[in-house]
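Novice: need a 3D model of the following:
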Amino acid sequence: MGIVAAAAAGAALGILFAPDNGLNTRKKISKKGEDYLDNIKNKFDDFILNATIELENVQSKAGKLFDNGKERATEVKSKMENGMS
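Specialist: The predicted structure follows:
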């Protein structure tokens, strides 16, 4: 985020000190701002997508571990019941 903010500040300063009229300068600043916001939004969307995928993977693995544990517990219980009969 720091790098993106520094790049945005540098671009804004570059545009402000470039020889151009006020209207064009404001348009350039507005366009750069939109570009940076789009870039940040895309990175955030990618982060959310990756986090969601990881969460689904963890949930799946946890479900499998739970099912395996339940199955093992049932096997042990059955062996104990058969051994005590």
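
Novice: now residue 81: how far from residue 43?
Specialist: 57 Å (CB to CB, to the nearest Å). In this view, the C-beta of every residue, glycine as well, is placed from N, C-alpha and C.

Novice: sorry, slip of the keys, the one I care about is residue 34.
Specialist: For residue 34, the distance to residue 43 - CB to CB - is 15 Å.

Novice: who's more crowded, residue 81 and residue 43?
Specialist: residue 43 (12 against 9; other CB atoms under 10 Å).

Novice: that one: what secondary structure?
Specialist: helix (DSSP: H, G, I helix; E, B strand; the rest coil).

Novice: do you know the pLDDT at it?
Specialist: On pLDDT, residue 43 comes in at 93.

Novice: likewise the one 3 residues further on?
Specialist: Confidence per residue is given as pLDDT, and for residue 46 that number is 95.

Novice: distance check, it against residue 40.
Specialist: For residue 46, the distance to residue 40 equals 11 Å [CB to CB].

Novice: compare those two (neighbour count), which wins?
Specialist: Using other CB under 10 Å as the criterion, residue 46 and residue 40 rank with residue 40 on top: 14 against 10.

Novice: which ones are touching the more buried one?
Specialist: residue 4 (CB atoms under 8 Å, 6 or more residues apart in numbering).

Novice: point me to the helix or strand that includes it.
Specialist: helix 22-84 (DSSP states H and E).

Novice: tell me, what residue is most central in the chain?
Specialist: When CA atoms, centre = their mean is applied to the chain, the residue found nearest the centroid is residue 47 (1.6 Å).
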